[in-house]
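[1] Requesting a structural model of the entry that follows:
(chains A, B, C and D)
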2 protein chains.
Amino acid sequence: MFNRELLKGSTSLVLLQLLNERDMYGYELVKELAKRSEQSLQVKEGTLYPALHKLEKQEYIQCYWQEQEKGPARKYYKITDEGKNVLLEKTKEWQHFVQVMNKVIRRTENDSI
Amino acid sequence: MFNRELLKGSTSLVLLQLLNERDMYGYELVKELAKRSEQSLQVKEGTLYPALHKLEKQEYIQCYWQEQEKGPARKYYKITDEGKNVLLEKTKEWQHFVQVMNKVIRRTENDSI
DNA sequence: AAATATACCTTTTAATTCTAGGTAGGTGAA
DNA sequence: TTCACCTACCTAGAATTAAAAGGTATATTT
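    Model prediction:
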């Protein structure tokens, strides 16, 4: 539980989704998620960087360095075509999962499906 | 991620919800979830029994044995008042989590919240 | 008599996340 | 100018969790 793949996929689902909007660097992803999610999705750096490296190894994302006029250089990540396909699949899985959870959770009268 | 508490809580959320409907025994919970969830929430026995024991230790559920005319005796579980409170909290957390996920996932145009 | 189904359980393995660090460059205030 | 802080990257280890894989026992069915 829950569908092991789905669980495993949840961090990567979020990361792929964000990178599908635009290229971002690690530190930015952390801040962006914290901002957007009101703590519910907050990914810590110790979670994020290994997760990014795994996605990179799977070739769902690619990275490139970008020097900054101010501050340290940034390692930007970009979603690949394969990454986009995976994102689609994972999004469907997520939606199905939510449907099922809601069936189980919101039940009050009827007892079998 | 996800909100560590939420992740941890997801199995117990489902179990508490089922036991809030009626008293059930372990084997029944496994079968019931498999039936209801179309495989998405299928909890395996190796997951279920430890989870039940933990909930019992936390005093969110209580158990009692019931001899059967046919077949092995069953250990029924019943949700406690404390368990019902926890269930309410966890349900709210889950709903909040889904909202936030949907904000992140369903985004296509607007880019900041 | 053997296979199957019910019903309970635990140990080990695998995966994931967090904690708690570490490095380094740049900025701003005292 | 020195010290604190922020940006930005990273990893090792601990903790948690679920699943896999096994085990026990009773009852039914073939």
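[2] my read: A:I61 touches A:K78, true?
    Yes: here A:I61 reaches A:K78: they are 6.4 Å apart, a contact under C-beta atoms under 8 Å. In this view, the C-beta of every residue, glycine as well, is placed from N, C-alpha and C.
[3] More neighbours: these two, which one.
    The neighbour count for A:I61 versus A:K78, taken as other C-beta atoms under 10 Å in any protein chain shown, is higher for A:I61 (23 against 14).
[4] shared neighbours, A:I61 and A:K78?
    Common contacts of A:I61 and A:K78, defined by C-beta atoms under 8 Å, 6 or more residues apart in numbering or on different chains, comprise A:L19.
[5] and the gap between A:T80 and A:Y27?
    21 Å (C-beta to C-beta, to the nearest Å).
[6] Name the residue in these two with the higher neighbour count.
    Here A:T80 and A:Y27 are set side by side on neighbour count (other C-beta under 10 Å), and the busier one is A:T80, at 17 against 14.
[7] State the phi and psi torsions of that one.
    Per-residue torsions, A:T80: phi -100, psi 170 (degrees, to the nearest 10).
[8] Enumerate every residue touching it.
    A:E59, A:Y60, A:I61, A:Q62.
[9] who's in contact with the residue most central in space within chain A?
    Nearest residue to the geometric centre of chain A (C-alpha atoms, centre = their mean): A:V14, 2.0 Å. Residues near A:V14 by C-beta under 8 Å, 6+ apart: A:L33, A:L41, A:V43, B:M1, B:M101, B:V104, B:I105.
[10] Could you give the average pLDDT over stretch A:62-81?
    The pLDDT scores in stretch A:62-81 average 92.
[11] got the buried residues for that stretch?
    By neighbour count on 16 or more other C-beta atoms under 10 Å in any protein chain shown, the buried set for stretch A:62-81 is A:C63, A:R74, A:Y76, A:Y77, A:I79, A:T80.
[12] Briefly note if the helix or strand hosting the fourth one comes near DNA strand D.
    Taking DSSP states H and E as the criterion, A:Y77 maps to strand A:74-79. Yes: Strand A:74-79 is in contact with DNA strand D by C-beta under 7 Å from any atom of the strand, via A:R74, A:K75, A:Y76.
[13] and of those residues, the nearest to A:R22?
    Distance to A:R22, by C-beta to C-beta, is smallest for A:Y76 among the residues of strand A:74-79 next to DNA strand D, at 9.6 Å.
[14] The closest one and DNA strand C, how far apart?
    Distance check for A:Y76 against DNA strand C: by C-beta to the nearest atom of the strand, to the nearest Å, it reads 17 Å.
[15] on that earlier part again, the strand holding A:Y77 packs against which elements?
    Using 3 or more C-beta pairs under 8 Å, 6 or more residues apart in numbering or on different chains; DSSP states H and E, the elements in contact with strand A:74-79 are helix A:4-21, strand A:24-25, helix A:26-37, helix A:45-57, strand A:61-66.
[16] Thanks a lot, see you next time.
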